[in-house]
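Participant: Sharing a sequence plus its predicted fold:
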There are 2 protein chains.
Amino acid sequence: MYHKRPVNFAGIRGNAVLLGQRFVGEVLHKGSVAVDATAGNGYDTLFLANSVGECGRVYAFDIQQSALDITARRLKQFGLEKNVTLIHDGHEKMDLYIVPPVDAFIFNLGYLPGGDHDKITRPSTTVKALQIALDMLNPGGRISIVVYTGHLGAGEESRTVEEMAAKLDPRIFGVLKVTFINRSASAPFLIFIERVKKENENLAP
Amino acid sequence: MYHKRPVNFAGIRGNAVLLGQRFVGEVLHKGSVAVDATAGNGYDTLFLANSVGECGRVYAFDIQQSALDITARRLKQFGLEKNVTLIHDGHEKMDLYIVPPVDAFIFNLGYLPGGDHDKITRPSTTVKALQIALDMLNPGGRISIVVYTGHLGAGEESRTVEEMAAKLDPRIFGVLKVTFINRSASAPFLIFIERVKKENENLAP
């Protein structure tokens, strides 16, 4: 049995991941299509698989086979493996595997916690993957991006992603940046993106 | 009948207010005690009055009598005036009127939209009021602060509030800053504060 963990806003580890799950979870239901763009330790894949149920579908990408193996074991443990397609490829090639629209994407940018710190996401592929996600996103759909900033090269990636998100047309995308301001400067931050339900409705006067 | 409005993350007006209501609304129930530190147009007071019900209590402060009059009318319209104590005084004197603990506080810092733009909140009284709110906050309780930045003097106030929030002990308070990064630089931002349920539990390793 899979239990959702409560969101805690305090200064504990793992907060960013839970906040991200919760943001996308609010628009998911049984039958939704969701993508874990960075399977990593499989926690987000597990969350998505539980949210979309057997009639839904989750696509989980990772360039590290070891990450997909961990994810597969975790899904099996909860009997949720049937809901998920694991794909051993970079998320910049998502469009080769998925037919839009997609209801939610989760990205974790940076390194795989507990994994090989040399294997980090790169700005060039990240931007490509994000653009694909934006194009595939269903109206009302959401993207959560957790940006880790403690590793070498993190500065360039986080700036690139934030700049890209900041340029999104506010008539089509709502964009929030969420920062844990009473934690260290190297704490992760989040970018939340929501595609508005009908384009050009709710225009700012 | 009072209906909650759905939260929309897109670039429309009023978002910040709805996000703030939602953040504190998650910890409120019938019987809770809540404070609208800046009654303004009364929308937050109305939201809080509906959330805490007749067994609960809302205290709404404003230094402008006109704001309290608008708020009173709005509450009456929905039959919620019995749940609220309106106080014509500055929020830096909240401790004269309220017995702690309090489950939620809402602050709107800046000017009263549609009101007199000379009547703005000031850093010195704001900091005093926030300190009182932090001291009175129940474990598990939340504070939402919407910071408007488009008026004269806004820079000093927003910096002061953000610095104060950033210094809060992460073992006791979870603190998030939420920014609408694809809107203009003068868009409001939010500070979300949550007091952890038990002090010193969930310490970061």
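Facilitator: Happy to help now that I have it.

Participant: The residue nearest to A:L190 when sequence neighbours are not counted bridge partners, please.
Facilitator: Nearest non-adjacent residue to A:L190, counting by CB to CB, 6 or more residues apart in numbering or on different chains: A:V178, 4.3 Å away. From N, CA and C alone the C-beta is placed, and that goes for glycine too. For A:V178, the beta-bridge assignment (DSSP bridges) gives partners A:L190, B:V178.

Participant: Pull up the pairing partners for the lengthiest strand in chain A, direction included.
Facilitator: The longest strand of chain A (DSSP state E) is strand A:137-147. Counting by DSSP bridges, the strands paired with strand A:137-147 are strand A:102-109 (parallel), strand A:189-195 (antiparallel).

Participant: looking at these, which is buried most?
Facilitator: The highest average neighbour count among these, using mean count of other CB atoms under 10 Å in any protein chain shown, belongs to strand A:102-109 at a mean of 26.

Participant: which stretches of chain A form strands?
Facilitator: Under DSSP E, chain A gives strands at A:33-36, A:57-61, A:84-87, A:102-109, A:137-147, A:173-179, A:189-195.

Participant: Not counting the second one itself, show me its contacts.
Facilitator: For strand A:57-61, the external contacting residues (CB atoms under 8 Å, 6 or more residues apart in numbering or on different chains) are A:33-39, A:42, A:45, A:48-49, A:52, A:68, A:71, A:83-87, A:89-91, A:94, A:97-98.

Participant: Report the buried members of the residues you listed.
Facilitator: Among these, those classed as buried by neighbour count (16 or more other CB atoms under 10 Å in any protein chain shown) are A:33-39, A:42, A:45, A:48-49, A:52, A:68, A:71, A:83-84, A:86-87, A:90-91, A:94, A:98.

Participant: Going by residue numbers, what spans are helices in chain A?
Facilitator: A:15-25, A:43-52, A:65-77, A:123-136, A:154-166 (DSSP state H).

Participant: Next, work out how far apart the closest residue in space to A:G141 that isn't next to it in sequence and A:L130 are.
Facilitator: Spatial nearest neighbour of A:G141, excluding adjacent residues (CB to CB, 6+ apart): A:D103 at 4.7 Å. Going from A:D103 to A:L130 by CB to CB, to the nearest Å gives 16 Å.

Participant: Same question for A:K197.
Facilitator: Distance from A:K197 to A:L130, counting by CB to CB: 21 Å.

Participant: more neighbours, the two?
Facilitator: A side-by-side neighbour count of A:K197 and A:L130, using other CB atoms under 10 Å in any protein chain shown, places A:L130 first with 24 against 14.

Participant: what's near enough to touch the residue positioned nearest the centre of chain A?
Facilitator: When CA atoms, centre = their mean is applied to chain A, the residue found nearest the centroid is A:I106 (1.1 Å). Shown in contact with A:I106 (CB under 8 Å, 6+ apart): A:20-21, A:24, A:34-38, A:44, A:48, A:143-144, A:146.

Participant: Check A:I98 too.
Facilitator: Contacts of A:I98 were listed using CB under 8 Å, 6+ apart, and they are A:V33, A:V35, A:Y59, A:M136.

Participant: was I right about A:N182 contacting B:V175?
Facilitator: Yes. The pair A:N182 and B:V175 qualifies as a contact (CB atoms under 8 Å) at a distance of 4.1 Å.

Participant: the more surrounded of those two?
Facilitator: Neighbours were counted for A:N182 and for B:V175 using other CB under 10 Å; B:V175 has more, 25 against 22.

Participant: Which pLDDT value goes with that one?
Facilitator: Here the pLDDT value assigned to B:V175 is 93.

Participant: Can you tell me how far the residue nearest to the centre of chain A is from chain B?
Facilitator: Distance, A:I106 to chain B, using CB to the nearest CB, to the nearest Å: 16 Å.

Participant: Pick out the most distant pair among the contacts of A:I106.
Facilitator: Within those, A:A34 and A:V146 form the most distant pair, 15.4 Å apart (CB to CB).

Participant: follow-up on the earlier one: possible to save the strands paired with strand A:137-147 as TSV with mean pLDDT?
Facilitator: Listed next are those as TSV, based on pLDDT from 0 to 100:
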stretch	mean pLDDT
strand A:102-109	96
strand A:189-195	94
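
Participant: which non-adjacent residue is nearest A:Y43?
Facilitator: A:Y43 sits nearest to A:V17 (CB to CB, 6+ apart), 6.4 Å away.

Participant: give me every residue that touches the residue nearest to A:L190.
Facilitator: A:L19, A:F189, A:L190, A:I191, A:F192, B:L176, B:K177, B:V178.

Participant: Kindly recompute the last result at 6 Å.
Facilitator: A:V178 is in contact with A:L190, B:L176, B:V178, counting by CB atoms under 6 Å, 6 or more residues apart in numbering or on different chains.

Participant: cool, and A:Q65?
Facilitator: Residues in contact with A:Q65 (CB under 6 Å, 6+ apart) are A:H88.

Participant: and with 10 Å instead?
Facilitator: By CB atoms under 10 Å, 6 or more residues apart in numbering or on different chains, the contact list for A:Q65 reads A:L86, A:H88.

Participant: Would you quantify the distance from it to A:A72?
Facilitator: 10 Å.

Participant: Repeat that for A:K128.
Facilitator: From A:K128 to A:A72 the distance is 26 Å (CB to CB).

Participant: go on, A:V33?
Facilitator: Distance from A:V33 to A:A72, by CB to CB: 20 Å.

Participant: for A:Q21, same thing?
Facilitator: Computed as CB to CB, the A:Q21 to A:A72 distance reads 19 Å.
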